[in-house]
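Student: the sequence isn't on hand, but the structure is:
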């Protein structure tokens, strides 16, 4: 019990220090016709091709989403598929920002799970995902891209979620 309480306090301190518990986010929409930015600090659910901008300056954009049933040797749980979500993180702030794949959850009809699944290797022995998003620190104006892998039912309402240490959802991006 003491370990859980200590871990919770530690997680909150990290979230507070890095600004990850930001409740205010901004949206920008990508468009081939214009580069108009749309600000909405109360919006919590975003669409594909929208960029989420957190108060700490970190921008998150889903580049693409792929569904796969796995390989001969690695398969997802029954009734699910691997969901490969390629994201780009950009630090537009003036301070460094830490990031971690555990900052994100796959929300499958309200069931939130970590995006740390292993999608296996293809027939040639190459990893299905070779660009896993790792943890790190982004300096101002730096960008990183990588893929998060979760398991979910592609027929369900699937979202990428930013969830606080206490389970509160900061924002979601619809993945379909």
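Tutor: On my side now, so go ahead. If you're wondering where the values come from, they're calculated on a predicted model, not measured in any experiment.
Student: now what about stretch 106-121, what contacts it?
Tutor: Residues outside stretch 106-121 that contact it (CB atoms under 8 Å, 6 or more residues apart in numbering) are 68, 70-71, 73-74, 76, 80, 82-85, 101-102, 104-105, 127-129, 148-153, 156-161, 163, 167, 169, 172. In short, each C-beta sits where N, CA and C put it, glycine included.
Student: and that stretch, what's buried?
Tutor: 106-108, 112, 115, 117, 119-120 (16 or more other CB atoms under 10 Å).
Student: do stretch 148-158 as well
Tutor: Using 16+ other CB under 10 Å as the test for burial, stretch 148-158 gives 148-154, 158.
Student: what do you get for stretch 69-84?
Tutor: 70, 75-76, 80-84.
Student: wait, a strand at residue 83?
Tutor: Yes. Assessed by DSSP: H, G, I helix; E, B strand; the rest coil, residue 83 belongs to a strand.
Student: how close does it get to residue 52?
Tutor: Distance of residue 83 to residue 52, given as CB to CB, to the nearest Å: 18 Å.
Student: what do you get for residue 168?
Tutor: From residue 168 over to residue 52 (counting by CB to CB), the distance is 16 Å.
Student: of the two, who's got more company?
Tutor: Between residue 168 and residue 52, counted using other CB atoms under 10 Å, the more crowded position is residue 52 (22 against 10).
Student: helix, strand or coil: sort out that one for me.
Tutor: Put simply, residue 52 is strand when judged by three-state DSSP.
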